[in-house]
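1. Quick one, what's the 3D model for this:
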Amino acid sequence: MRGYLIITSIFLVILSLNVSAQTNNSDDFDPTDSYMWMIEHCDDGYCSSPSTTAFWAMALKQSGYTNTYGAQAIKTIQNNIKESESCFPKNGCNVKDTALAYWALSNYGETTAGIEEYIESKLGAGLNENWWLEIITSAENQQCKIGYPLDNELQEIVVRVDGGKFPECSAGQAETYFDLNRCITPNLVNNNPGLELTVDCSSIGQGTIISIIYNDGFNYYLTEQATTSKYQTKLQNGCHTKGGSCHEDTTLWTNWVLALKNSDINTNLYLLTNYDNLDPVNVALLYLSTTDNKRKDAYLSQLKGLQKLDGSFNKDNYQTAVALLVLKASGSTEQAERAISYLESSVDSDASWNGEESTTAMVLYAAFSDATITLPPMTSSGDNDDDFVGGSGPVCGDNICDPEETAFSCPSDCESSGSQSCVENGLCEVDFGENAQNCAADCFCGDNICDPSEQSANTCDIDCEAAPSVFCGNNIREGSEECDGADSSLCSQDYTCSSSCTCELNVPVAQEKGGLKWMILPAIVVLLIIAGYILYSNYHKGKKPKKHYGSSPYVEPRNHSPFSSSMENTQRRQQPQLKSPYEDSTKSRSEMELEKSLKEAKKLLGGK
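-> Model prediction:
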């Protein structure tokens, strides 16, 4: 019993340490420093590639910084387009960067004309085995027409169908399969990824079932099926390429973006036959791209099975962040919380993840884009890279009319920059520099938007009558504002300017929390010692003198009667065995040391 009490006390102490550590690590995580790390490492908003910049821009958008740091990142993507092909980056276009730039730009409401056409033009043929047409019908000696584009012209052939068989040309196995690679033009499908095919069996009539089947030599995939006499489809034999060859990672990310855009470009079949079911990124992006609920359930089950006990996926921050997108989307709350806890614990001392812009941007977007953060006002760096014009803030003379600039405050930018600031789309986008002065097609008096030029010149009472004269966030203290961003001279030394343009006391939150944390553990230990002491004391007080019946303890003889009841056996086992009184008369050395330790603990607690 005494040993049990000691072991239990030690176990409770260890458990309290573990719980305390977990509580402190999880509840107090603040990603603000990680956002600051990205701001410092992304040159004027550009983060090493359009893909990384896209995730950075989307993290900022979801964090409430759409019109400042987010807009800055989007500008760098826009200025890195190769306009002749509508692809990114302009000094080395590739499909993955173009697709993710497409995703970010469309979410910011920017023009994306021509981007999807570029992506489609780079499709490769990823499935080069057997492509078969099947027409299920009982009609005999009928005809169907098959149409397809070739060399920019629509081609058409007539195929004889007799009771579902193709007597003139089949796949060489079953007469019910029409070989699309052999019976029309050699390698028609293999040489034309995403081939548009029209099958017209109007002469057969209703009840016809038209199917497209892919066979890789071992497995059969029913890719398309329709109960109709005329059917048009785009074959799913494509992949997205890198350097002219099918590339799995490029296909995964591009397929995800196109699925979000409801595009008819689909590479799910290529991924289904090539993906790695042990790679969390592969499984996650397939889940996010497919619309088949059965497959989604299978992918989700696979993904959950890949999560480690510590919440990570292969102890990899990037893979864990991508998998987290699925766990959130599927409502897998428990698994998502474990993944987030892992990412909180794996952040580097400089607030980044792996010291990489790509990983840090992905983690912020997936795990912490909905966190409450406060970033400093944007300030101009004065350095604008030739490839990524944009700056960190309004710079008069950079030929860009920023939201804070007007034709009156900076005529060199806003009077002559219509081609750069004005995107004629019927929307007056003041956050991107459009105003009545430089974009009259979109911004005009009566559009219910008080743009900077109208406000400064006081030329449109209809739009600006109810507009506030004070604008919090323009780095200029106005009206009742106590401060505004960089203009915080009225705030005393211990105060800083808040996002609501008021001076707020600096509260060292982290230090205060840390100061309380060190008290928790000693308090738990002291309480455990007291509890152990009470249990120990009650144990000794509850002992009663035991009778002694000689040198041998009394043992009741066993009753071997087969008629003994289970109750009698239970009562017999519960009878106390009598031990020699000398066994308890002398305290062991360990007991004496324990009592000594407890006495010292009482002294520390102020006991007498």
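
2. Which residue ranges make up each domain of the chain?
-> Domain segmentation of the chain under automatic domain parsing yields 1-30+510-538+599-608, 32-122+241-367, 128-235.

3. So which of these is the most surrounded?
-> Ranked by mean neighbour count, the domains of the chain are led by domain 32-122+241-367 with a mean of 20 (mean count of other Cβ atoms under 10 Å). C-beta coordinates here come from the backbone N, C-alpha and C atoms, glycine included.

4. Ranking helices and strands of this protein by mean pLDDT, which lands last?
-> helix 566-574 (a mean of 41; mean pLDDT, DSSP states H and E).

5. quick one on the thing from earlier: can I get the domains of the chain in CSV with distance to I373 and mean pLDDT?
-> CSV is the format used below for the domains of the chain (distance: least, Cβ to Cβ, whole Å; pLDDT from 0 to 100):
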stretch, distance to I373, mean pLDDT
domain 1-30+510-538+599-608, 8, 57
domain 32-122+241-367, 5, 96
domain 128-235, 42, 91
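
6. Figure out which of the ones you listed is closest to D463.
-> Across the domains of the chain, D463 has its closest neighbour in domain 32-122+241-367 (18.9 Å, Cβ to Cβ).

7. ends of that closest one, how far apart?
-> Distance across domain 32-122+241-367, first residue to last, is 13 Å (Cα to Cα, to the nearest Å).

8. for stretch 75-92, same thing?
-> Span of stretch 75-92 from end to end, Cα to Cα: 18 Å.

9. what's in contact with it?
-> Residues outside stretch 75-92 that contact it (Cβ atoms under 8 Å, 6 or more residues apart in numbering): 44-46, 49-50, 53-54, 57, 93-94, 97-98, 101, 104-105, 110, 113-115, 117-118, 387-390, 400.

10. Ok, stretch 282-293 next?
-> Contacts for stretch 282-293 (Cβ under 8 Å, 6+ apart): 248, 252-253, 255-256, 259, 268, 271-272, 275-277, 295-296, 299-300, 302-303, 306, 322-323, 325-326, 329-330.

11. Same question for stretch 207-220.
-> 127, 129-137, 139, 177, 197, 199, 201, 221-229, 231, 233, 235-237, 269, 273.

12. Among those residues, which ones are in strands?
-> Judged by DSSP state E, the subset of those located in strands is 130-136, 197, 199, 221-227, 231, 233.

13. For the helix or strand harbouring T496, give the mean pLDDT please.
-> Element membership of T496 [criterion: DSSP states H and E] is strand 495-497. The pLDDT scores in strand 495-497 average 74.

14. partner strands of that strand, parallel or antiparallel?
-> strand 503-505 (antiparallel) (DSSP bridges).

15. Tell me the buried residues in the partner strand?
-> C503 (16 or more other Cβ atoms under 10 Å).

16. as a whole number, average confidence for it?
-> 74.

17. mind listing the strands for the stretch 51-200 of the chain?
-> 123-125, 130-136, 142-150, 153-161, 178-179, 196-200 (DSSP state E, counting those that start in this stretch).

18. Now render these as a markdown table, adding distance to E504.
-> Listed next are those as a markdown table, based on distance: least, Cβ to Cβ, whole Å:
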| stretch | distance to E504 |
| --- | --- |
| strand 123-125 | 55 |
| strand 130-136 | 66 |
| strand 142-150 | 65 |
| strand 153-161 | 69 |
| strand 178-179 | 74 |
| strand 196-200 | 61 |
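
19. among the ones you listed, which is nearest C483?
-> Nearest of the strands of the stretch 51-200 of the chain to C483, taken as Cβ to Cβ: strand 123-125 at 54.5 Å.

20. Show me the contact partners of that closest one.
-> 189-194, 237-241, 244-246, 265, 267.

21. Between all of those residues, which two are at the greatest distance?
-> V189 and G244 (19.1 Å).

22. Distance of the residue nearest to A259 when sequence neighbours are not counted relative to N268?
-> Leaving out its chain neighbours, the residue that sits closest to A259 by Cβ to Cβ, 6 or more residues apart in numbering is S289, at 4.4 Å. Going from S289 to N268 by Cβ to Cβ, to the nearest Å gives 6 Å.

23. now the closest residue in space to Y231 that isn't next to it in sequence, what's its secondary structure?
-> Leaving aside its chain neighbours, Y231 sits nearest to I210 (4.6 Å; criterion: Cβ to Cβ, 6+ apart). State at I210, reduced to three classes by DSSP: H, G, I helix; E, B strand; the rest coil: strand.

24. what's the answer for the one 4 residues further on, then?
-> Three-state secondary structure (criterion: three-state DSSP) places Y214 in strand.

25. Please name the bridge partners of it.
-> So, taking DSSP bridges as the rule, Y214 has W131, Y221 as bridge partners.

26. show me the contacts for E129.
-> So E129 contacts 214-217 (Cβ under 8 Å, 6+ apart).

27. Check D316 too.
-> P280.

28. Backbone torsions only: list them for it.
-> Main-chain torsions, D316, degrees, to the nearest 10: phi -120, psi 120.

29. Give me the distance between it and Q307.
-> 12 Å.

30. One more: T208?
-> 47 Å.

31. For the residue nearest to I136 when sequence neighbours are not counted, give its distance to G243.
-> Distance criterion Cβ to Cβ, 6+ apart; nearest residue to I136, sequence neighbours excluded, is I209 at 4.0 Å. Distance of I209 to G243, given as Cβ to Cβ: 41 Å.

32. swap in T137?
-> Counting by Cβ to Cβ, the gap from T137 to G243 is 45 Å.

33. what residues are up against L260?
-> Contacts of L260 by Cβ under 8 Å, 6+ apart are W103.

34. Against C87, how distant is it?
-> Going from L260 to C87 by Cβ to Cβ gives 19 Å.

35. can you check N435 too?
-> With Cβ to Cβ as the criterion, N435 and C87 are 31 Å apart.

36. again, but for V158
-> 40 Å.

37. repeat for L133
-> 35 Å.

38. Same check on E156?
-> On the measure of Cβ to Cβ, E156 and C87 end up 34 Å apart.

39. With T359 instead?
-> Distance of T359 to C87, given as Cβ to Cβ: 25 Å.

40. ok, and what's touching stretch 138-148?
-> 133, 135, 154-164, 184, 188, 192, 195-201, 203-205, 208.

41. What of stretch 269-281?
-> 126-127, 214, 216, 219, 221, 223, 236-239, 246, 248-249, 251-252, 255, 282-283, 286, 289, 302-303, 306, 313-314, 316, 318-320, 322-323.

42. returning to what we had before: list the buried residues of the strand holding T496.
-> Of the residues in strand 495-497, 495, 497 count as buried by neighbour count, 16+ other Cβ under 10 Å.
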